[in-house]
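one predicted model, sequence on top.
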Amino acid sequence: MAEMVSPQKTVLAGFLDKVVSEAEFAPAVQAFAQAMTMTKLDMKTHHQTRLKARAELVHVPDKYIEKDRHRRL
């Protein structure tokens with residue numbers, strides 16, 4: 001016969017992420033459902049958007065590398 005394990009031990013063992021009270025259960029399920037919608041993102045579009053948002057920062061190191069190339073030591 002298997003021994004019952006406490007909810008806290010199941011978290012430590014990695015079977016559960018978090019133990020919540022009864023009052024916290026519905027909001028936790030709703031938050032999980034919202035998180036699951038994020039897995040439905042078009043990752044190619046998401047990646048392209050992030051690249052556009054970071055475009056200016058990506059070129060900053062190049063600018064300083066080029067400056068250093070022409071500097072005398």
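Looks like it came in fine. Because the structure is a prediction, the values reported are computed rather than measured.

is V20 in a helix, a strand, or coil?
coil (DSSP: H, G, I helix; E, B strand; the rest coil).

tell me the pLDDT of it.
On the pLDDT scale, V20 is placed at 89.

can you check H46 too?
Reported pLDDT for H46: 88.

flag every buried residue along the lengthiest helix in the chain.
In the chain, taking DSSP state H as the definition, the longest helix is helix 43-69. Neighbour-count burial for helix 43-69, counted by 16 or more other C-beta atoms under 10 Å, picks out no residue. (Each C-beta comes from the backbone N, C-alpha and C, glycine too.)

what's that helix packed up against?
Helices and strands touching helix 43-69, by 3 or more C-beta pairs under 8 Å, 6 or more residues apart in numbering; DSSP states H and E: there are none.

do you know how far H46 is from A28?
Going from H46 to A28 by C-beta to C-beta, to the nearest Å gives 26 Å.

the lowest-mean-pLDDT helix or strand in the chain: how far from the chain's middle?
Within the chain, confidence by mean pLDDT, DSSP states H and E is lowest for helix 43-69 among all helices and strands, at a mean of 85. Offset of helix 43-69 from its chain centre (C-alpha atoms, centre = their mean, to the nearest Å): 21 Å.

same thing with stretch 57-73?
With C-alpha atoms, centre = their mean, you get 32 Å for stretch 57-73.
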